[in-house]
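Novice: The amino acid sequence is not available; the structure is as follows:
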Ligand SMILES: [Zn+2]
């Protein structure tokens, strides 16, 4: 049973409504309660966004079993990021200030980051307001590996962890 249907004005609902549109290397995993996408900012290599299959403003508005499943899938995805990329630390963030649809950001943090004590958003915001913002943003979007390679590494690791897949 689903808590709500998709909302046509929501960018995540739009994305979930047809995952066949996703270019290669963007959809990481299709879980029963959520879908994992590769995140924009691959300066933090392995950054993923886990989007609930159900639209609502607050995660606490999900049905209890959906919330439990979504949370378990977040931790499993985080384990895969850790195993695949061996970061120094993981950041888990569920904000929803810009898009009111439950989604987790999982950011691997690395020991060589100058701003490792700050949330990544401080770094992203500084890049967006810099005089050379195009270059700064491009630098934060790029990882050492190509997006398809990062995605492949995560998929392989999720398979090893026997991550559940949505029957589609
Ligand atoms: Zn939505």
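Specialist: Nice, thanks for sending it over. Not measured: the values here are computed from a predicted model.

Novice: what bridges to residue 30?
Specialist: residue 35 (DSSP bridges).

Novice: so who does it touch?
Specialist: With contact taken as CB atoms under 8 Å, 6 or more residues apart in numbering, residue 30 is in contact with 19, 36, 165, 166, 168. Just so you know, the C-beta spots here come from the backbone N, C-alpha and C atoms, and that holds for glycine as well.

Novice: and the spatially closest residue to residue 101 that is not a sequence neighbour, which of the three is it?
Specialist: Spatially, and ignoring its direct neighbours in sequence, residue 101 is nearest to residue 12 (4.3 Å; CB to CB, 6 or more residues apart in numbering). Counting by DSSP: H, G, I helix; E, B strand; the rest coil, the backbone at residue 12 sits in helix.

Novice: Could you do residue 92 as well?
Specialist: Under three-state DSSP, residue 92 comes out as strand.

Novice: please begin residue numbering at 636 from this point
Specialist: Renumbered: residue one is now 636, and that last one reads residue 727.

Novice: Would you check that it makes contact with residue 713?
Specialist: Yes - counting by CB atoms under 8 Å, residue 727 touches residue 713, with 6.5 Å between them.

Novice: Overlap in contacts, the two.
Specialist: residue 741.
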